[in-house]
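[1] Fold the following and give me the result.
(chains A, B, C and D)
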Protein chains: 2
Amino acid sequence: MNRYSKQTRLLVAIDCIIFGFDGNEMKILLVQRGMVPEKGKWSLMGGFVQPDESLEEAAARTLNELTGLGNVYMEQLHTFGMPERDPIERTVSVTYFALLDLAKYKVQLSSEFQAEWFPLKKFPRLIFDHSEMVQAARDRLKYKASLHPILFELLPEKFTIPQLQSLFEDVYQASFDKRNFNRKIISTGLLIKQSEKDRINSRKGAFFFKLDKKTYRENFHSILRMIPNPNDSI
Amino acid sequence: MNRYSKQTRLLVAIDCIIFGFDGNEMKILLVQRGMVPEKGKWSLMGGFVQPDESLEEAAARTLNELTGLGNVYMEQLHTFGMPERDPIERTVSVTYFALLDLAKYKVQLSSEFQAEWFPLKKFPRLIFDHSEMVQAARDRLKYKASLHPILFELLPEKFTIPQLQSLFEDVYQASFDKRNFNRKIISTGLLIKQSEKDRINSRKGAFFFKLDKKTYRENFHSILRMIPNPNDSI
DNA sequence: ACAAAAGTGTTAAGGCTACACCCATGG
DNA sequence: CCATGGGTGTAGCCTTAACACTTTTGT
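    Numbers count the residues shown, from 1 in each chain, chains lettered A, B, ... in the order given. Have a look, this model is predicted:
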């Protein structure tokens, strides 16, 4: 015997929830679907798992086809498998979410796809169960970012603490006291202060910081408390 | 068009990591595989996803076939999809882990399967990547139980605090100071003290507690700190 | 000199760890 | 009466939230 006979084989897809931060707000990368059904409607970037690739490879390939990027933070999110989720044919979708520094890579989007960055606060209706996938990814991101220094993956190599705070505030839709936020972030020991300042947002200028990669790797899996108590919803 | 032509369809399996606690130690339920390849070797309970069932339904069905149980805590863990993980034919496996009160249900194991409870500390070599799945489930259990009151799912309706503590100690392979453990658990507000005592383990007897189901549901998703600092590894 | 954002310090409260003794009971 | 496991209290430390003023510099 070299097949499990009598069992039904299913299509297995990958869908990627691609988050980016432009220094100001969180965005999500969507594509206009190129095939029927729902051709022309907005959806997550996805594709089918090929016979010889692992799920991680399929996810990385999918991201790369759209953005040209590799070496991006990706994490398996959840697998969606309701029988009727794709009306054409039953498809099980393994979802991954990716975090990237949007400003740096904005221009590289493949023109092969009709892709666009949308603010996470307001993006179009998506096909199938893709909105549910986005919601699950947002929930996971919030959850994980409160315990692990994952949001640094969204920032450029050099960033300022006010930038970091505005990223947290956008993710949590909350405001934080800057003194407490500062103390909390500094106490993680993850930041290395640079001598230069970013003068884009103020006359005084804000010091740049870099991530201490070694400490980052060592502490990534320990449970930290990354955010102070929020003040209010924004 | 009513099929995505040219795409390869894959077998989609469910594998269940079933944890149980017998009042003394954590166990895992394994079956002797009934089909080639690896017939007779120990493996997780699993099966293929059927055409008309969701992944959750398939997982619940798999658990029910083996134990006769329904209404058990189950959670999707991770999807494993290395191309060569099953040498017969490529199979993507969606894993779920289950938590159950072993003492209560020990007898109901279906005789259709050769199933056995093994101590989590020492269980046989498993087929394919099943050991990796168990490790991932243990890691997830530790992680999640440190933040959410998930381990109550392993206990009978009435339980004592020393029982609860020994469960935590087994999961974390650590010992906790009983005064601090007590305070921490009581402060969650999840326990309702009963008037009866359990006199099995001591002459004095330990008070039974029940879970406050309402508080449990309300607080399940908030991030608590469930365990005090461990003293030492056991 | 003033506007606009960056940066910093203190206090009071609550939560945490570490630690040692009394209680209830059956034999 | 004693052995066994169950149950509790506290002091010192650390972390946290709440809160307001000073610094820098371009215009």
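
[2] Taking strand B:9-21 as reference, get the angle to whichever strand in chain A runs longest.
    Ordering each strand of chain A by length in residues (DSSP state E) puts strand A:9-21 first. Angle, strand A:9-21 to strand B:9-21, by axes from the mean of the first three to the mean of the last three C-alpha atoms, to 10 degrees: 80 degrees.

[3] Does strand A:9-21 reach chain B?
    Yes. Looking at strand A:9-21 against chain B by C-beta under 8 Å from any C-beta of the partner chain, the contacts come from A:9, A:10, A:11, A:12. C-beta: built from backbone N, CA, C; applies to glycine.

[4] What average pLDDT does that strand get?
    In this model, strand A:9-21 has a mean pLDDT of 97.

[5] returning to that earlier point: could you identify the most distant pair in the residues of strand A:9-21 next to chain B?
    Greatest spacing in the residues of strand A:9-21 next to chain B, by C-beta to C-beta: A:9 and A:12 (9.2 Å).

[6] mind giving me CSV with the residues of strand A:9-21 next to chain B and columns for neighbour count and distance to DNA strand C?
    Below are the residues of strand A:9-21 next to chain B laid out as CSV (neighbours: other C-beta atoms under 10 Å in any protein chain shown; distance: C-beta to the nearest atom of the strand, whole Å):
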residue, neighbour count, distance to DNA strand C
A:9, 16, 50
A:10, 20, 46
A:11, 20, 47
A:12, 26, 43
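
[7] where's residue A:108 relative to residue A:29, distance?
    Separation of residue A:108 from residue A:29 (C-beta to C-beta, to the nearest Å) stands at 11 Å.

[8] Would you tell me which helix is longest in chain A?
    As assigned by DSSP state H, the longest helix anywhere in chain A is helix A:130-145.

[9] Who are the packing partners of that one?
    Judged by 3 or more C-beta pairs under 8 Å, 6 or more residues apart in numbering or on different chains; DSSP states H and E, helix A:130-145 is in contact with strand A:9-21, strand A:73-80, strand A:91-101, helix A:161-172.

[10] in that helix, what's buried?
    Of the residues in helix A:130-145, A:130, A:133, A:134, A:136, A:137, A:138, A:140, A:141, A:145 count as buried by neighbour count, 16 or more other C-beta atoms under 10 Å in any protein chain shown.

[11] any idea which of the residues you listed is closest to DNA strand D?
    residue A:145 (15.6 Å; C-beta to the nearest atom of the strand).

[12] In terms of pLDDT, where does the closest one sit?
    Predicted confidence (pLDDT) for residue A:145: 97.

[13] Where does pLDDT dip in chain A?
    Within chain A, the segments meeting pLDDT under 70 span A:1-2, A:105-107, A:233-234.

[14] Could you pull out the helices in it for me?
    Remark: helices assigned in chain A by DSSP H are A:55-67, A:102-105, A:130-145, A:161-172, A:178-187, A:213-219.

[15] Just put the ones you listed in CSV and tack on distance to residue B:230.
    Output for the helices of chain A, formatted as CSV (distance: least, C-beta to C-beta, whole Å):
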stretch, distance to residue B:230
helix A:55-67, 33
helix A:102-105, 41
helix A:130-145, 23
helix A:161-172, 30
helix A:178-187, 22
helix A:213-219, 18
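
[16] Out of those helices, which is closest to residue B:162?
    The closest of the helices of chain A to residue B:162 is helix A:130-145. By C-beta to C-beta, the value is 31.8 Å.

[17] Now do that closest one: everything it contacts.
    A:15, A:17, A:19, A:28, A:43-44, A:75, A:77-78, A:80, A:93, A:95, A:97, A:99, A:120, A:123, A:125-126, A:150-151, A:168, A:171-172, A:226-227, B:223 (C-beta atoms under 8 Å, 6 or more residues apart in numbering or on different chains).

[18] If we use 7 Å, what do you get?
    Residues outside helix A:130-145 that contact it (C-beta atoms under 7 Å, 6 or more residues apart in numbering or on different chains) are A:15, A:17, A:19, A:28, A:43-44, A:77-78, A:80, A:95, A:97, A:126, A:150-151, A:171-172, A:226.

[19] what does stretch A:225-234 give?
    Counting by C-beta under 7 Å, 6+ apart, residues outside stretch A:225-234 touching it are A:145-147, A:149, A:168-169, A:172-177, A:180-181, A:184.

[20] picking up where we left off before, now the longest strand of chain A against strand B:91-101, angle please.
    Going by the same axes, to 10 degrees, strand A:9-21 makes 80 degrees with strand B:91-101.

[21] Counting by contacts, list what strand A:9-21 packs against.
    strand A:26-32, strand A:45-48, helix A:55-67, strand A:91-101, helix A:130-145, strand B:9-21 (3 or more C-beta pairs under 7 Å, 6 or more residues apart in numbering or on different chains; DSSP states H and E).

[22] ok so, going back, can you tell me which of the buried residues of helix A:130-145 lies closest to chain B?
    residue A:136 (10.8 Å; C-beta to the nearest C-beta).

[23] returning to that earlier point: can I get the helices and strands packed on strand A:9-21 in CSV with distance to DNA strand D?
    Output for the helices and strands packed on strand A:9-21, formatted as CSV (distance: least, C-beta to the nearest atom of the strand, whole Å):
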stretch, distance to DNA strand D
strand A:26-32, 23
strand A:45-48, 37
helix A:55-67, 34
strand A:91-101, 24
helix A:130-145, 16
strand B:9-21, 16
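
[24] Can you add distance to residue A:202 and give these back as CSV?
    CSV is the format used below for the helices and strands packed on strand A:9-21 (distance: least, C-beta to C-beta, whole Å):
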stretch, distance to residue A:202
strand A:26-32, 22
strand A:45-48, 37
helix A:55-67, 32
strand A:91-101, 22
helix A:130-145, 26
strand B:9-21, 53
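
[25] how close does residue A:199 sit to chain B?
    Noted for residue A:199: a distance of 38 Å to chain B, by C-beta to the nearest C-beta, to the nearest Å.

[26] and chain A, which of its residues are near chain B?
    A:1-4, A:7-12, A:36, A:48-55, A:76, A:78-79, A:81-83, A:88-90, A:92, A:94, A:146, A:223 (C-beta under 7 Å from any C-beta of the partner chain).

[27] Kindly recompute the last result at 6 Å.
    A:1-4, A:7-12, A:36, A:48, A:51-52, A:54-55, A:79, A:81-83, A:88-89, A:92, A:94 (C-beta under 6 Å from any C-beta of the partner chain).

[28] Could you pick out the buried ones from those residues?
    Using 16+ other C-beta under 10 Å as the burial test, the residues of chain A next to chain B include A:4, A:7, A:9-12, A:48, A:54-55, A:79, A:81-83, A:92, A:94 as buried.

[29] quick one on the thing from earlier: between the helices and strands packed on helix A:130-145, which gets nearest to residue B:199?
    Between residue B:199 and the helices and strands packed on helix A:130-145, the tightest spacing by C-beta to C-beta is seen for strand A:73-80, at 45.4 Å.

[30] In that closest one, which residues are buried?
    A:74, A:75, A:76, A:77, A:78, A:79, A:80.

[31] okay, now residue A:168: neighbour count?
    Neighbour count of residue A:168, defined by other C-beta atoms under 10 Å in any protein chain shown: 22.

[32] From residue A:192, how far out is it?
    Taking C-beta to C-beta as the measure, residue A:168 and residue A:192 are separated by 19 Å.

[33] Residue A:232 now?
    Distance from residue A:232 to residue A:192, by C-beta to C-beta: 32 Å.
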